[in-house]
Structures are given as C-alpha cells and as structure tokens.
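Engineer: give me a 3D structure for the following:
(4 chains)
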There are 2 protein chains.
Amino acid sequence: MKKIDILKKLRSSKLRPTKQRVEIAKFLFEREKTFHFTVESLNKLLLKKSISKIALATIYNTVHAFKAAGHLSEVEVRGNKTYFDTNVSNHHHFYDSENSELIDIDANEIVIQKIPKAPNGKKIKNVEVFINLKN
Amino acid sequence: MKKIDILKKLRSSKLRPTKQRVEIAKFLFEREKTFHFTVESLNKLLLKKSISKIALATIYNTVHAFKAAGHLSEVEVRGNKTYFDTNVSNHHHFYDSENSELIDIDANEIVIQKIPKAPNGKKIKNVEVFINLKN
DNA sequence: TTTCACTTTAGAATAATTATAAACTAGATT
DNA sequence: AATCTAGTTTATAATTATTCTAAAGTGAAA
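Structural biologist: Residues are numbered from 1 along each chain as shown, chains lettered A, B, ... in the order given. You can find the predicted model right below:
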C-alpha cells in the first residue's frame, strides 16, 4: 500500500491524516501479510522503528479510530490484553496459547454444516471459530 | 447437587473444603442450568445471598482454584472482564453484545464439515465457536 | 494567515486483577 | 482433646491495561 493510499484511506474514513496517524497507518497497512498486535506490542514496535515518539494515548486513540472506521478488527482472545487484526474480512483464528500467537484462517477453510438458530428476537451477526492449539 | 457432593467435589480435587469454598461452590454448582458469571457479578450475588462476607481476593482465588480443578471453564469474550462458566463440557456460545450475555450451545448443535490442519508441530486442542448476536 | 474544530500529549484516574504478609483454620499428629 | 502446620483467608498495596483530562498543537477551510 502506497503513501497516497494511506492518505486516501484516512480521508475516506474522515480521519484527519495527522503525522501520527500516517506513521501508524503505514506501519500497520504497508505489509503483505495480515498483522496481529496489542496496543503494547504496537507501541514497542513503533518505538523501535520510528524517530518520533508517539504517546501511548495516541496509539490507543488511533487504533480505536481505525477500528471504528473498519480498518482494523478486534479479536477476542482469552487473556488480559486486547488484540487487533489488520485482516478485516470475515475469517477465523488459530490461537496458540503457548506463545499467545494468533494465526488467521481464511473463511473458506472452515465449513459449518449445522448451526442452531438464534434465540428469540435475535439474529446472527457473525460466526467466529477459534481453533486452540497445543504442542 | 447435595452438600455431601460439594464436599466430595472439593476433596477429590485436593481443595480443602473451607467455609468460603463450600459457600461459593454451593452457590455455583447447586443449580439446574449452567451459570455464566464474572468475578464482579459473583461477588455481588454472594453479598446478597450470604450472611458472611467473603473477601474479593478469596473469590478470585476460589474461582481460579475451581478452574484449575476443572470445575469451571473460562470463556473468552470481547471486553475487559473475564467470564466463567459452570458448564465444563465441550460446548459453544452465543454472545449477545447488547447485554453482554452468554448462552450455551451444546456441542452437538454445531457440526463442522471442514477444518484446516494445525500448523507445523502443533495439534488441535479444541474448537470453540462463537455466534455473535444482534437485534 | 487566521481561525477553529480536531488531535496529541503527559500525566492523572479508573478498573480488573494479582501480590503481600499477617491472622486464621482444617485436619493430621500427638 | 490439645497441639501443630501447611494451606487459606483477609485487608490492603501493587500492578497492569485502558480511559480521562485539560492544556498545547495542528490540519485545512475560509
């Protein structure tokens, strides 16, 4: 993803392209593979990579803004920290609790044959499958 | 579940049946349906029900001891608090984010037809399906 | 270039959970 | 039954993740 696209991405989602947002967006979205992270890990990685220090609160703000704009998805994982995923398409996850690692599984890699109907008055929003791993 | 069974349950899992543990165990396990809770909600409910006050730290200790002994399972839910479930059999969940409610789904209510193989050197521990609900 | 709503920032505040260390107790030993 | 001891409870402090606050900074419209 080029710089111009990052700017488009931000503008189209009504996020003013500030220095910090562009820097974080470049770091998150200018990569081939999808990327899983917590705010803490992202902060550490940004500290290593960048010249300018970005406040932790800004990283929280920015990540949540990207999530609200649909550029990041939040992944529920057992544990204390919140994980985010640059893959915002409908998909599933392997979760390796040994090293707290998430691995994406394409939606078409899992086929569900039978599923219960939603309770009274509710509808199914989406289905998420977690395959927990062991050694 | 009778009181004698609670004592057996605790003894068989090498948990000394203290007053607090018996009280919490009775509250959690002497019921028909499975029960979902957070430490906070359990604390509030115990305060209402019981005569004796149990320290919050003891509730954390006890819930984790029950989990370690296999009497409770931990459910991963998006959000800040940790949910526990008195249903320790292999099963799945509806999650209603409107009111943060979990509903059990029996293992045989969901049939998965196709599943990817585990990554190099890893094995599949278990598969958890979350059906997220909307109105 | 001026203006102003939006943003960033450091630090304080909050909330969930875990650690600490002193007092307590179940159950074994005498 | 009295004593002992390792395991347990408790109040409180500490820690950790996250959110709030309010002052200073900044994109971009006019």
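Engineer: centroid residue for chain A?
Structural biologist: Note on chain A: the residue nearest the mean C-alpha position is A:Asp85, at 1.9 Å, using C-alpha atoms, centre = their mean.
Engineer: quick check: it touching A:Leu28?
Structural biologist: No: shown here, A:Asp85 and A:Leu28 do not form a contact pair, counting by C-beta atoms under 8 Å, at 10.2 Å. The C-beta positions use only the backbone N, C-alpha and C, and glycine is treated the same way.
Engineer: joint contacts of these two?
Structural biologist: Any residue near both A:Asp85 and A:Leu28 by C-beta atoms under 8 Å, 6 or more residues apart in numbering or on different chains counts here, and that gives A:Phe35, A:Leu72.
Engineer: quick check: residues of chain A near DNA strand D?
Structural biologist: Residues of chain A found near DNA strand D (C-beta under 7 Å from any atom of the strand) are A:11, A:16-19, A:38-40, A:56-57, A:60, A:64, A:80-82.
Engineer: most neighbours of all these, which one?
Structural biologist: Neighbour tally across the residues of chain A next to DNA strand D (other C-beta atoms under 10 Å in any protein chain shown): the maximum, 20 neighbours, falls on A:Thr82.
Engineer: confidence-wise, which helix or strand of chain A is lowest on average?
Structural biologist: helix A:3-12 (a mean of 86; mean pLDDT, DSSP states H and E).
Engineer: please put the alpha-carbon coordinates of the helix or strand just after that helix into PDB.
Structural biologist: Downstream of helix A:3-12, the next assigned helix or strand under DSSP states H and E is helix A:19-29. C-alpha atoms of helix A:19-29 as PDB (Å, rounded to 0.1, in the frame of the first residue of the first chain):
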ATOM      1  CA  LYS A  19       1.700  12.800  11.300                       C
ATOM      2  CA  GLN A  20       1.000  10.200  13.900                       C
ATOM      3  CA  ARG A  21      -1.900   8.600  12.100                       C
ATOM      4  CA  VAL A  22       0.000   8.300   8.900                       C
ATOM      5  CA  GLU A  23       3.000   6.900  10.700                       C
ATOM      6  CA  ILE A  24       0.900   4.200  12.400                       C
ATOM      7  CA  ALA A  25      -1.200   3.500   9.300                       C
ATOM      8  CA  LYS A  26       2.000   3.000   7.200                       C
ATOM      9  CA  PHE A  27       3.400   0.700   9.800                       C
ATOM     10  CA  LEU A  28       0.200  -1.400  10.100                       C
ATOM     11  CA  PHE A  29      -1.100  -1.400   6.500                       C
END
